[in-house]
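Novice: heads up, no residue letters with this:
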């Protein structure tokens, strides 16, 4: 089927900090050694202020939970903006895609609302998106594959940060959203033909027995690398609060 996509190509490699921790460095020690300076980290991941990103993978705390929630909120902002723009344009390749977008747009908007409420005054602002890039990724041919990428990113991001959470109430919120993002990912795959006989395993609604969790750096690298019509999607994002 022509609308099947190679989902293996959507996977993103781990980031520099992940490699450093695997080598036995914690984040603070790694930065102090000069192995990678602040400017270098920002350059690698393509966002101004990323050098300030400091979600701890070793010291859970209530303060760290807020950073994780702001990180999640930034991703939810991106998803909510994508689906809202697609629904407003109302140009879908099939009725099934329109139904998917309409329902998921409501889900993502609710996620944004509830995360902002949980964080309070310290909630980050939405990232600034290039309108030309947005127009390109919500075009009928691009909408489905982009939705797969964004939903997969959300699933792996929540899975990556779950072990770093301290407060039970925050864990419950994260798990409730994580499972819905996974349902979205399976749903869009099915619509794109992943449930059809003969579909490649990579396109299945459930491609593997386990999902790979991804670190903060790997996720930010993935989303800041998104382009539409050759233009970078995210032009500005406040990562200073996570």
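Specialist: Cool, got the structure. Bear in mind the structure is a predicted one, so any value in this text is a computation, not a measurement. Numbers count the residues shown, from 1 in each chain.

Novice: and residue 159, what does it touch?
Specialist: By Cβ atoms under 8 Å, 6 or more residues apart in numbering, the residues touching residue 159 are 178, 211-214. C-beta: built from backbone N, CA, C; applies to glycine.

Novice: now swap in residue 83 and tell me
Specialist: Shown in contact with residue 83 (Cβ under 8 Å, 6+ apart): 101, 104-105, 108, 147.

Novice: so it: helix, strand or coil?
Specialist: helix (DSSP: H, G, I helix; E, B strand; the rest coil).

Novice: separation between it and residue 124?
Specialist: For residue 83, the distance to residue 124 equals 19 Å [Cβ to Cβ, to the nearest Å].

Novice: one more: residue 175?
Specialist: According to Cβ to Cβ, residue 175 and residue 124 sit 22 Å apart.

Novice: settle it for me: which of the two has more neighbours?
Specialist: Using other Cβ atoms under 10 Å as the criterion, residue 175 and residue 124 rank with residue 124 on top: 21 against 13.

Novice: residue 236 against residue 128, yeah?
Specialist: Yes - counting by Cβ atoms under 8 Å, residue 236 sits close enough to residue 128 to count as a contact (4.0 Å).

Novice: so residue 219 sits right up against residue 161, yeah?
Specialist: No - between residue 219 and residue 161 there is no contact, the gap being 9.1 Å when judged by Cβ under 8 Å.

Novice: and those two? which has more neighbours close in?
Specialist: residue 161 (27 against 24).

Novice: okay, and the more buried one sits in which element?
Specialist: Using DSSP states H and E, residue 161 sits in helix 140-161.

Novice: now do the buried residues in that helix.
Specialist: 142-161 (16 or more other Cβ atoms under 10 Å).
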